[in-house]
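Asker: What shape does this take:
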Amino acid sequence: MFKALNAVETLLAIGLVVTAVVVAPPTLAAVAGAVAVAVLLVQLGAVRPLLTRRSNAALAGSDAPRSHAHLVYVALEVVKVAALVVAGVALLGS
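Answerer: Have a look, this model is predicted:
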């Protein structure tokens, strides 16, 4: 499920970056969008591999120690949503 969600997020992030680079000068919306994209990259590059490794070990029957990676992922998700809300509000105001 996360793989599919992250694939869609990645496609939308690419669209956001292309739009920001081609169409708009740096604005609050563009900065907030960049924050959302940066958070997505951290989630995909740093946190998801940790979660995948832990879930694979658990599915294989290993008694893996608890990980804080899930809490980090959720915290980053909150930051990403906040950035997208700020971008949306900024776009509505322009």
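
Asker: Give me the number of neighbouring residues for T52.
Answerer: Neighbour count for T52, taken as other CB atoms under 10 Å: 13. (C-beta placed from N, C-alpha, C; glycine too.)

Asker: neighbouring contacts of the one helix or strand it maps to?
Answerer: Applying DSSP states H and E as the criterion places T52 in helix 48-59. Outside of helix 48-59, the residues within contact range by CB atoms under 8 Å, 6 or more residues apart in numbering are F2, N6, A64, S67, A69, H70, Y73.

Asker: Could you do stretch 4-24 as well?
Answerer: Contacts for stretch 4-24 (CB under 8 Å, 6+ apart): A30, G33, A34, A36, V37, L40, Q43, L44, R48.

Asker: Local confidence estimate at the residue nearest the centre of the chain?
Answerer: By CA atoms, centre = their mean, the chain has its centre lying nearest to L40, at 2.4 Å. At L40 the predicted local distance difference test score is 93.

Asker: same question, A58
Answerer: 85.

Asker: Now tell me which helix or strand of the protein has the poorest mean pLDDT.
Answerer: Every helix and strand of the chain was ranked by mean pLDDT, DSSP states H and E. The lowest is helix 2-22, at a mean of 83.

Asker: gap between the two ends of stretch 59-73?
Answerer: 20 Å (CA to CA, to the nearest Å).

Asker: got the buried residues for that stretch?
Answerer: A69, V72, Y73 (16 or more other CB atoms under 10 Å).

Asker: ok, residues contacting the longest helix anywhere in the chain?
Answerer: As assigned by DSSP state H, the longest helix anywhere in the chain is helix 69-93. The contact list for helix 69-93 (CB under 8 Å, 6+ apart) reads 27-30, 32-33, 35-36, 39-40, 42-43, 47-48, 50-51, 54.
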